[in-house]
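Visitor: Below: sequence and its predicted model.
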Amino acid sequence: MTGPAGPGAARAGSGTTPAVLLVIAGLACQEVGAAIAVLLFPQVGPLGMVMLRLVFSAIVLLLIARPRLRGHGRADWTAVAQFGLVLAVMNGLFYLALERLPLGVTVTIEVLGPLVLSIVAARRASAWLWAVLAFAGVVALGGGGWDRLDPLGVLFALGAAASWAFYILASARVGRAFPKLDGLALAMTVGAIIALPFGIADAGAALLRIELVALGAAVAVLSSTIPYAFELIALRRLPAAVFAIMMSLAPATAALAGFLFLGQHLAWLEMLGIALVIAASIGAIRSSARAAREAAEPLA
């Protein structure tokens with residue numbers, strides 16, 4: 001979960017190498033957490049896993065942020081509620097997709113959400129080159145045989161991609177209304193409450209097993225708490241565009257985690273598809289950053 005770049009996020013040169021390592025470590029933790037979640041699906045189900053992740057993430061964030069509840073109007077609380085709903089839907093669709101698709105393929109499809117958002121934000125004709133490249137990547141993902149990709153899983157992953165785009169927009173709105181981590185902590189709490197009935201129904205009596213609950217807490221820490229903390233530290237030392245480009249490597253780290261921890265082997269065309277989507281993400285980010293710089297430059 002990527003935090004917004006704050007003031008001083010572009011202090012390039014001061015601790016750049018450690019910051020890069022933090023981003024890589026955060027990506028690794030995130031995908032290891034996802035791999036552990038997949039291993040828990042037979043016991044707690046994907047929606048049970050979503051509930052455990054959101055509940056423990058909310059608890060950790062509430063303890064860290066201790067958000068203030070006063071001084072906010074109806075519009076602010078509506079934004080928090082919408083953000084919480086997006087968090088619940090995004091995580092739910094992502095884990096439902098993971099139940100049916102390899103980890104690397106799922107994350108690659110999910111990345112299409114922010115990728116499309118970057119292309120639209122660039123407002124440049126050349127940016128659509130990256131859209132074509134991404135489409136080629138998606139076609140290549142089926143190169144190992146579309147029969148290997150569960151159609152419902154693909155639909156869930158595409159839904160997660162759309163939700164991720166909405167997550168970015170909702171996060172920015174809440175970030176403007178609430179200081180520090182307050183908005184995220186409150187939205188995560190809303191998301192956890194929304195996920196509760198679905199998670200309880202999916203996991204059932206497995207929630208009474210302390211070892212499974214503890215593993216759910218570990219997934220929350222690995223997938224949310226550690227990556228978010230590492231990202232916040234890295235953003236103080238890396239330019240925002242460099243950070244975004246590094247985050248676009250998520251499909252590759254997901255494919256590696258799927259191979260190492262879940263024994264998920266990808267066909268060479270599927271690996272080519274992941275590489276094409278990563279290249280499209282990097283290109284779209286660079287185009288969007290260039291367009292933002294040109295918009296900020298005063299007219300002569």
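Guide: Done, it's in. Numbers count the residues shown, from 1 in each chain.
Visitor: The helix or strand of the chain with the lowest mean pLDDT packs against which elements?
Guide: Scoring the helices and strands of the chain by mean pLDDT, DSSP states H and E places helix 240-247 at the bottom, with a mean of 75. Where contact means 3 or more CB pairs under 8 Å, 6 or more residues apart in numbering; DSSP states H and E, helix 240-247 is packed against helix 16-65, helix 226-235, helix 268-296. Yep, even glycine has a C-beta here, placed from its N, CA and C like the rest.
Visitor: For Val154, find the nearest of the ones you listed.
Guide: helix 268-296 (12.7 Å; CB to CB).
Visitor: Centre of the chain to that closest one, how far?
Guide: 17 Å (CA atoms, centre = their mean, to the nearest Å).
Visitor: now the angle between helix 240-247 and that helix, please.
Guide: 170 degrees (axes from the mean of the first three to the mean of the last three CA atoms, to 10 degrees).
Visitor: in helix 268-296, what counts as buried?
Guide: Buried positions in helix 268-296, judged by neighbour count with 16 or more other CB atoms under 10 Å: 270-289, 291.
Visitor: nearest residue to Leu101 other than its sequence neighbours?
Guide: Gly153 (4.1 Å; CB to CB, 6 or more residues apart in numbering).
Visitor: can I assume that neighbour is in contact with Pro102?
Guide: No: using CB atoms under 8 Å, Gly153 makes no contact with Pro102, being 9.3 Å away.
Visitor: In terms of neighbours, single out the busier of these two.
Guide: Neighbour count, other CB atoms under 10 Å: between Gly153 and Pro102, Pro102 has more, with 24 against 19.
Visitor: What about the closest residue to that one other than its chain neighbours? Give its phi and psi, please.
Guide: In this structure, Pro102 finds its nearest non-sequential neighbour in Gln264, 4.2 Å apart by CB to CB, 6+ apart. Taking degrees, to the nearest 10, you get phi -90, psi 110 for the backbone angles of Gln264.
Visitor: roughly how far apart are Gln264 and Trp164?
Guide: If you measure Gln264 against Trp164 using CB to CB, to the nearest Å, the figure is 21 Å.
Visitor: try Ala220
Guide: 18 Å.
Visitor: Tell me how far the least confident helix or strand of the chain lies from the chain's centre.
Guide: The mean C-alpha position of helix 240-247 is separated from the chain mean by 14 Å, CA atoms, centre = their mean.
Visitor: what do you get for stretch 210-218?
Guide: 22 Å.
Visitor: same deal with stretch 102-119?
Guide: That offset, for stretch 102-119, works out to 9 Å (CA atoms, centre = their mean).
Visitor: Now mean pLDDT too, for the helices and strands packed on helix 240-247, in JSON lines please.
Guide: Listed next are the helices and strands packed on helix 240-247 as JSON lines, based on pLDDT from 0 to 100:
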{"stretch": "helix 16-65", "mean pLDDT": "93"}
{"stretch": "helix 226-235", "mean pLDDT": "82"}
{"stretch": "helix 268-296", "mean pLDDT": "79"}
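Visitor: Of all those helices, which one is nearest Leu158?
Guide: Comparing the helices and strands packed on helix 240-247 under CB to CB, the one sitting nearest is helix 268-296, at 13.2 Å.
Visitor: and that closest one, what does it pack onto?
Guide: helix 103-110, helix 112-122, helix 127-141, helix 240-247, helix 250-262.
Visitor: which is the next helix or strand following the one helix or strand Leu169 maps to?
Guide: Using DSSP states H and E, Leu169 falls within helix 151-177. Beyond helix 151-177 on the C-terminal side, the first helix or strand identified by DSSP H and E is helix 182-203.
Visitor: From the rest of the structure, what touches that next one?
Guide: Residues external to helix 182-203 that are found in contact with it (CB atoms under 8 Å, 6 or more residues apart in numbering): 3, 43-52, 54-55, 57-58, 61-62, 64-65, 67-68, 79-81, 83-88, 91-92, 170-171, 174-175, 177-178, 207.
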